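Enquirer: generate coordinates for the sequence data below:
(one chain, ligands or ions: 1)
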Amino acid sequence: MRIVETIETKRDGGALSPEAIEHFIAGYARNEIPDYQAAALLMAILLQGMTDDEIQALTLAMVRSGETLDLSDVAEIIVDKHSTGGVGDKVSLVALPAVAAAGLPVGKMSGRGLGFSGGTLDKLESIPGYRVDLSVTEFKDQLRQIGLVLTGQSANLAPADGKLYALRDVTGTVPSLPLIVSSIMSKKIAAGADAIVLDVKVGTGAFMHTLDEAVALARAMVQVGRSVDRRVAAHISDMNQPLGRAVGNSLEVIEAIEALSGEGPGDLVSHSLRIAGELLYMGGLVEGLEAGMQRAGAMIESGAALQKLRQLVVAQGGDVRYVDEPSRFLPAEIVETVVASDGGYLTGMEAAEIGMAVVALGGGREKKGAPIDHRVGVVMHAKVGDEVAADQPLFTVHANYEAGKRAAVARIQAALRFSDDPVPSLPLFYDRIA
Ligand code: URA
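Expert: Numbering: from 1, shown residues only. Purely as a prediction, here's the structure:
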């Protein structure tokens, strides 16, 4: 089989056979196919698309490029969750302890921030000592002992994705539905969970900007998961403004602890309960989504979910005093609140710009592998649809240097839209695909 023929077939709009796809993925993972041919094929896929069968074959070839975790000796059902990425998305830190506290094991390998979108690993690393490099043995032992693991992606699972993702990042081939589906689902399938809940974000702070794109992505991911007998449900959720109030690593951990203590912002709590409820339903613990949401809510009310977060932090080597007393998180050097100059209604936000303002403060990476500053970020005080009066606080910037603060203030101000006419508030969810 010649890779150039595979490239030509896709360039001309043809469908690739499972053998051609396997040859490409296995050959690229073994360094037998050079980057320039892989890049040409990725661009042809981006431009021509793929059929459902091709997407399935691509995903499974990526799964076969590495190891697959077998968790059947740990528990009957293990659940996992994935968000396609957004701004202020700390749902995993709230929903997963609630699910585990209800008795359903959750084993999750999370990622780092990507562009404007934050990453759960970076957030968790704000807790001094917290380890995100568990071995497979540690992963399984902890899952057995406390029913909750939140660690980094093992390099042995779907290694073709790691290589392809790096190439996509520098060849303009990230925003391709078949490539996104195979990238996400190969990692989820290899990580061994029986049931997977996908939080597919749409809006100005998401990789998908239209509802149609998000629904198509969700459907394709659900279909691939089903083809390998995983239970998969996807929720299409709004990402036209940050979720909750906080954006930035330790600020988000603090907000998640507040939510687990019954004091979190309403949108974050409702969103997390829905994802947790779906996980409990998919995992067979309750009869329906509504019952799952109630069970998850009860776990937060009783304090069991917060206790589960404590157990997680202890198990992974973190200093649990930070969970017990969030005031221990070191504040940034400069904390400045910006107020509204006039009265009006907040009608919209460029949420990705808010995410990028935090990245520029040092809260995310502009270069792969760069260190990040966990203390910096922004706290939004208004939501789309809110009426704001002159001099009312709009947002607070947490920065470690003056010029950075000034740039963040200007960028966030430019990202907010106001009008004299009221607009409705934004929904949390648009659709559920299962
Ligand atoms: N997240 C992933 O893991 N892969 C993609 O392609 C996009 C988002």
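
Enquirer: going forward, measure contacts and count neighbours with C-alpha atoms only.
Expert: Fine.

Enquirer: how close does A298 sit to the ligand?
Expert: 32 Å (C-alpha to the nearest ligand atom, to the nearest Å).

Enquirer: helix/strand/coil for that residue?
Expert: At A298, secondary structure determined by DSSP: H, G, I helix; E, B strand; the rest coil is helix.

Enquirer: next one, pLDDT for it please.
Expert: pLDDT for A298: 98.

Enquirer: got the contact list for the residue of the stretch 101-250 of the chain found nearest the ligand?
Expert: Closest residue of the stretch 101-250 of the chain to the ligand, C-alpha to the nearest ligand atom: I180 (3.5 Å). For I180, the contact set (C-alpha atoms under 8 Å, 6 or more residues apart in numbering) comprises V174.

Enquirer: which residues of the chain lie near the ligand?
Expert: 84, 174, 179-180, 183-184 (C-alpha under 6 Å from any ligand atom).

Enquirer: among those, which has the minimum pLDDT value?
Expert: For the residues of the chain next to the ligand, the pLDDT minimum is V174, 85.

Enquirer: so what does that residue look like in phi/psi?
Expert: phi -70, psi -50 (degrees, to the nearest 10).

Enquirer: which residues are in contact with it?
Expert: 165, 168, 180.

Enquirer: and A166, how many neighbours does it have?
Expert: 12 (other C-alpha atoms under 10 Å).

Enquirer: tell me which residues of the helix or strand where it lies are tucked away?
Expert: Taking DSSP states H and E as the definition, A166 sits inside helix 159-169. Buried residues in helix 159-169, counted by 16 or more other C-alpha atoms under 10 Å: 159-162, 164-165, 167-168.

Enquirer: still on that earlier bit, TSV for the residues of the chain next to the ligand, including secondary structure?
Expert: Shown next, in TSV, are the residues of the chain next to the ligand (three-state DSSP):
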residue	secondary structure
T84	coil
V174	coil
L179	helix
I180	helix
S183	helix
I184	helix
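
Enquirer: please enumerate the strands of this protein.
Expert: Along the chain, the segments classed as strands by DSSP state E run 79-83, 106-110, 148-152, 195-202, 231-238, 246-247, 334-339, 344-349, 377-380, 387-388, 393-399, 416-419, 429-433.

Enquirer: need the winner for burial among those.
Expert: Comparing these by mean neighbour count (mean count of other C-alpha atoms under 10 Å), strand 246-247 ranks first with a mean of 28.

Enquirer: strands paired with that one, and their directions?
Expert: strand 377-380 (antiparallel) (DSSP bridges).

Enquirer: touching the strand it pairs with from outside, list them.
Expert: With C-alpha under 8 Å, 6+ apart as the criterion, strand 377-380 contacts 245-249, 251, 358, 361, 363, 394-399.

Enquirer: one more pass at 6 Å, please.
Expert: 245-248, 358, 395-398 (C-alpha atoms under 6 Å, 6 or more residues apart in numbering).

Enquirer: tell me who's in contact with V358.
Expert: Counted by C-alpha under 6 Å, 6+ apart, V358 has contacts G377.

Enquirer: mind listing what K405 touches?
Expert: By C-alpha under 6 Å, 6+ apart, the neighbours of K405 are A399.

Enquirer: hmm, I typed the wrong one, I wanted L309.
Expert: Taking C-alpha under 6 Å, 6+ apart as the test, what L309 contacts is P97.

Enquirer: pLDDT score for the residue nearest the centre of the chain?
Expert: By C-alpha atoms, centre = their mean, the mean C-alpha position of the chain lies nearest to S83, the distance being 3.5 Å. Listed pLDDT for S83 reads 95.

Enquirer: kindly state the beta-bridge partners for it.
Expert: Where S83 sits in a bridge, its partners, by DSSP bridges, are D199.

Enquirer: that one reaches V202, doesn't it?
Expert: No. Counting by C-alpha atoms under 6 Å, S83 sits too far from V202 to count as a contact (11.0 Å).

Enquirer: lowest-confidence helix or strand of the chain?
Expert: Every helix and strand in the chain was compared by mean pLDDT, DSSP states H and E; the lowest is helix 159-169, with a mean of 90.

Enquirer: for it, which outside residues touch it?
Expert: Contacts for helix 159-169 (C-alpha under 6 Å, 6+ apart): 29, 62, 65-66, 174, 183.

Enquirer: that helix: how far from the chain's middle?
Expert: The chain centre lies 18 Å from the centre of helix 159-169; the measure is C-alpha atoms, centre = their mean, to the nearest Å.
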